[in-house]
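**Q** structure for this input, please:
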Amino acid sequence: MEANTELVISTVCSSFVIFQVLFHFVSYWFSAKVSPGYNNLSIEKKIEWNSRVVSSCHSLLVGIFGLYLFLFDEPTIADPLWGESTLVKLNIATASGYLISDLLIILLNWKVIGDKFFVVHHCAALTAYYFVL
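**A** Prediction:
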């Protein structure tokens, strides 16, 4: 396995773990500290809230990273369509880890946040990312 592949796989795995930790621990703690009403929510509302917090964190992370790549990454600037940028692959790997994490969260909490269209969306995005990586 080449170094680039190992880096991508480790990024996907790390991203998965980080987003799971964000959902199960950090969002509960942070939301309770920031919003006193959080503790009064039902468990279903907390699951939905935490899912949205993690989704927002993911969007900020990959969005800011993507903007940086668009503006400053030399391989991307030189060839935006076919350029071979390791940083772009890391951004896609981070998004892939999030999608796998979110799929697991959806499946484990199907009665609360389950939606077949979310599952189709996540699987389609993962398929596209697989071909890019």
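
**Q** give me the residue at the spatial middle of the chain.
**A** By Cα atoms, centre = their mean, the chain has its centre lying nearest to Tyr98, at 2.6 Å.

**Q** for the host helix or strand of Cys57, which helices and strands make contact with it?
**A** Per DSSP states H and E: Cys57 is located in helix 43-72. If you count contacts as 3 or more Cβ pairs under 8 Å, 6 or more residues apart in numbering; DSSP states H and E, helix 43-72 packs onto helix 3-21, helix 27-34, helix 86-108, helix 110-113. For glycine as for every other residue, the C-beta is placed from the backbone atoms N, C-alpha and C.

**Q** tilt between that helix and helix 3-21?
**A** Per axes from the mean of the first three to the mean of the last three Cα atoms, to 10 degrees, the angle that helix 43-72 makes with helix 3-21 is 150 degrees.

**Q** what sits against Leu133?
**A** By Cβ atoms under 8 Å, 6 or more residues apart in numbering, the residues touching Leu133 are Val8, Lys89, Ile92, Ala93, Ser96.

**Q** I meant Leu99, not that one.
**A** Contacts of Leu99 (Cβ under 8 Å, 6+ apart): His122, Ala125, Leu126, Tyr129.

**Q** of those residues, buried ones?
**A** Using 16 or more other Cβ atoms under 10 Å as the burial test, the contacts of Leu99 include His122, Tyr129 as buried.

**Q** so among the contacts of Leu99, where is pLDDT lowest?
**A** Within the contacts of Leu99, pLDDT reaches its minimum at Tyr129, with 93.
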